[in-house]
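A.B. asks: Predicted model, plus sequence, below.
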Amino acid sequence: MISSIGSAMSGMSSAIARFDRASSRIAQAGDPASSPGDDLIGDRVDQITAEHAFAANLATVRTADEMLGTLINTVA
């Protein structure tokens, strides 16, 4: 159960990093010095995917926390 929390936390961190990278690319797209091949749609899709990945990992943490709380209450 603890490993599932660690795995979910790692997934959340990865999703945050992916979201930040996509956000940076979108922000730089308005810069005249940016490359002409900027893929704003793809970057926005990356942001949405990262949001969903974060939410899924957060649900895993919440479920593991709830299970741990139930286990502790059962033992006590």
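C.D. replies: Thanks, I have the structure now. Residues are numbered from 1 along each chain as shown.
A.B. asks: all contacts plus neighbour counts: C-alpha atoms, from now on.
C.D. replies: Noted.
A.B. asks: same for the longest helix belonging to the chain, what does it pack against?
C.D. replies: Longest helix of the chain, by residue count under DSSP state H: helix 40-75. Using 3 or more Cα pairs under 8 Å, 6 or more residues apart in numbering; DSSP states H and E as the contact test, the elements touching helix 40-75 are helix 2-28.
A.B. asks: ok, back up a step: may I see the buried residues of the longest helix of the chain?
C.D. replies: By neighbour count on 16 or more other Cα atoms under 10 Å, the buried set for helix 40-75 is 43-44, 46-47, 50-51, 53-54, 57-58, 60-61, 64.
A.B. asks: Average pLDDT for that helix, rounded please.
C.D. replies: Averaged over helix 40-75, pLDDT sits at 94.
A.B. asks: picking that back up, make JSON lines out of the buried residues of helix 40-75 and add distance to residue 74.
C.D. replies: JSON lines is the format used below for the buried residues of helix 40-75 (distance: Cα to Cα, whole Å):
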{"residue": "43", "distance to residue 74": "46"}
{"residue": "44", "distance to residue 74": "45"}
{"residue": "46", "distance to residue 74": "42"}
{"residue": "47", "distance to residue 74": "41"}
{"residue": "50", "distance to residue 74": "36"}
{"residue": "51", "distance to residue 74": "34"}
{"residue": "53", "distance to residue 74": "32"}
{"residue": "54", "distance to residue 74": "30"}
{"residue": "57", "distance to residue 74": "26"}
{"residue": "58", "distance to residue 74": "24"}
{"residue": "60", "distance to residue 74": "21"}
{"residue": "61", "distance to residue 74": "20"}
{"residue": "64", "distance to residue 74": "15"}
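A.B. asks: Please identify which pair of those lies farthest apart.
C.D. replies: Spatial extent of the buried residues of helix 40-75 (Cα to Cα) is set by the pair 43 and 64 at 31.6 Å.
A.B. asks: And for the nearest residue to residue 61 once chain neighbours are set aside, the neighbour number?
C.D. replies: Setting aside the residues directly before and after it, residue 61 is nearest to residue 5 in space (Cα to Cα, 6 or more residues apart in numbering), at 5.3 Å. Neighbourhood size, residue 5 [other Cα atoms under 10 Å]: 18.
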